[in-house]
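no sequence on this one, just coordinates:
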């Protein structure tokens with residue numbers, strides 16, 4: 001079957017503000033740069049060209065050769081990296097944490113989104129080269145967020161105590177997880193390939209950054225994806241003027257606090273994704289990543305005995321730039337400063353905090369990227385679609401809450417009209433006449449009329465509820481079938497992409513699964529995809 005699309009309004013998976021952004025609400029224009037249309041990339045290319053030096057390109061290439069050393073010899077990788085030296089080559093980026101085996105499915109969707117974007121840009125602008133970039137959040141330290149992945153109903157978890165940046169974490173101890181993984185996917189068509197991917201990525205790599213790079217390269221290397229690790233002394237030295245600016249002038253706090261106030265005026269229910277701190281930097285070493293705070297004239301590293309005055313912390317920055325790590329709100333500036341990048345592709349929560357950053361980028365004189373919303377999808381089977389058709393339901397109905405879905409099925413199947421709204425309307429008309437009568441008599445009569453109206457409407461609603469309950473019992477079989485389908489496509493009440501790992505589907509379809517995603521996802525299609533395998 002051909003691909004289907006559902007509006008994000010129907011799925012209820014994005015905030016009101018993000019939907020306004022995707023629809024191009026002019027009230028949000030000042031919170032981002034160029035729009036996410038393929039025609040707008042021409043201006044973005046010109047702007048980025050003026051703000052990205054050949055010196056930066058050379059440093060980027062040198063660092064990438066060093067980071068990819070464990071994957072050599074590979075001439076195609078070497079050639080792609082070298083393209084970044086040329087001023088007509090640009091990147092389109094996405095990023096993610098270093099979840100085991102990529103974590104939830106949207107890890108894959110993000111990368112497919114930028115691969116397809118690069119290919120479409122290449123057709124539109126043939127005089128340029130476009131390279132999809134996966135930026136690893138290797139400096140994060142929240143191990144609990146990345147130490148597991150789910151294959152079907154099974155959760156595989158790496159239980160280990162650790163501190164510091166996760167990218168530097170040794171992969172020793174993952175052998176037991178491989179054995180668990182083997183048991184879960186045994187007797188599937190692609191079990192041997194997946195076992196090999198896990199083994200080569202995690203057992204053969206010395207740390208989690210190398211393992212993630214190997215994993216991405218194994219699945220997407222042929223599509224030209226390059227993995228970048230920001231945890232590098234050369235990158236940090238290049239970025240050090242902005243780190244220095246943060247220590248001295250604290251631009252982020254003032255700029256983003258003001259932006260948050262402006263966003264709240266547009267949507268009072270907007271959930272602030274990240275709040276700025278007076279200093280948005282961590283101090284890192286192996287096994288250590290702690291916030292830098294300032295108390296009076298001293299800069300202290302939390303939970304340590306380390307402290308600096310302004311002079312000594314600037315000397316530390318000059319000698320050891322690799323020890324300074326941008327937090328989640330400063331990382332985007334670091335990324336865009338390092339890369340000849342045109343766009344950033346992220347999920348709804350990510351784009352929400354990118355909308356908080358535009359004024360900080362402007363004052364820092366760094367080119368703000370085009371913001372692209374990643375593709376989202378539900379993976380179905382032809383058999384599941386046929387079952388929905390028999391139930392007179394569509395995929396969009398499965399986005400309803402459990403109770404709303406049950407109610408919809410009951411009303412579809414029932415020969416009775418389970419809607420007393422016309423009776424309630426008729427009742428209100430009758431009471432309007434009584435209100436007119438009350439105006440001509442004693443004023444206290446109005447209260448009695450209102451009380452009686454409320455009582456009778458409540459009675460009608462109760463009868464409607466009782467009728468619905470009686471009809472539900474008559475169509476129990478259809479309801480159960482629909483709820484089973486809903487649980488399969490929305491495991492534990494979650495979107496597949498937020499829970500299941502790609503191996504859930506790869507185990508049965510192999511590389512055809514990835515090819516299917518690439519063929520059916522469109523980076524400029526701002527709606528939810530239904531993809532049938």
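Thanks, I have the structure now. Given the structure is predicted, the values throughout are model-derived calculations rather than measurements.

pLDDT below threshold where in the stretch 401-533 of the chain?
For the stretch 401-533 of the chain, applying pLDDT under 70 flags the ranges 413-420, 426-427, 434, 443-444, 449, 459-473, 475.

now the strands for it?
Listed in chain order, the strands found in the stretch 401-533 of the chain under DSSP state E, counting those that start in this stretch are 528-532.

which parts of it are helices?
Assigned by DSSP state H, counting those that start in this stretch, the stretch 401-533 of the chain shows helices spanning 402-413, 421-439, 444-474, 476-489, 503-509, 511-520.

and the closest residue to residue 278 other than its chain neighbours, how far from residue 275?
The shortest distance from residue 278 to any non-neighbouring residue, by C-beta to C-beta, 6 or more residues apart in numbering, is to residue 253 (5.3 Å). Where you see a C-beta, it was placed from the backbone N, CA and C, and this is true even at glycine. Computed with C-beta to C-beta, to the nearest Å, the distance linking residue 253 and residue 275 is 9 Å.

picking up where we left off before, winner for burial among the helices of the stretch 401-533 of the chain?
The highest average neighbour count among the helices of the stretch 401-533 of the chain, using mean count of other C-beta atoms under 10 Å, belongs to helix 503-509 at a mean of 21.

how about residues contacting it?
For helix 503-509, the surrounding residues in contact (C-beta atoms under 8 Å, 6 or more residues apart in numbering) are 101, 105, 149-152, 181, 185, 188-191, 194, 379, 513-514, 516, 533.

try 7 Å
101, 151, 152, 185, 188, 189, 190, 191, 194, 379, 513, 533 (C-beta atoms under 7 Å, 6 or more residues apart in numbering).

what about stretch 130-147, distance to the chain center?
Computed by C-alpha atoms, centre = their mean, to the nearest Å, the chain-centroid distance of stretch 130-147 equals 12 Å.

quick one: mean pLDDT for it?
Averaged over stretch 130-147, pLDDT sits at 94.

quick one: contacts for residue 219?
By C-beta under 7 Å, 6+ apart, the residues touching residue 219 are residue 514.

element containing it?
Following DSSP states H and E, one finds residue 219 within helix 208-220.

quick one, phi/psi of the closest residue to residue 167 other than its chain neighbours?
Closest residue in space to residue 167, ignoring its immediate chain neighbours: residue 138 at 2.7 Å, by C-beta to C-beta, 6+ apart. Dihedral pair for residue 138: phi -70, psi -20, per degrees, to the nearest 10.

residue 138 against residue 169, yeah?
No - look at residue 138 against residue 169 with C-beta atoms under 7 Å: they stay out of range, at 9.5 Å.

would you reformat the helices of the stretch 401-533 of the chain as CSV and include distance to residue 125?
Conversion of these to CSV gives the following (distance: least, C-beta to C-beta, whole Å):
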stretch, distance to residue 125
helix 402-413, 45
helix 421-439, 55
helix 444-474, 57
helix 476-489, 38
helix 503-509, 33
helix 511-520, 20
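
who wins for proximity to residue 395 among these?
Nearest of the helices of the stretch 401-533 of the chain to residue 395, taken as C-beta to C-beta: helix 476-489 at 7.7 Å.

what is that closest one packed up against?
helix 382-390, helix 402-413 (3 or more C-beta pairs under 7 Å, 6 or more residues apart in numbering; DSSP states H and E).

reformat those helices as TSV; add distance to residue 265.
Formatted as TSV, those follow (distance: least, C-beta to C-beta, whole Å):
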stretch	distance to residue 265
helix 382-390	42
helix 402-413	32
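
go through those and name the closest to residue 342.
When the helices and strands packed on helix 476-489 are compared by C-beta to C-beta, helix 382-390 sits nearest residue 342, at 37.0 Å.

contacts for the closest one?
Counting by C-beta under 7 Å, 6+ apart, 1, 394, 395, 481, 485, 488, 532 sit against helix 382-390.
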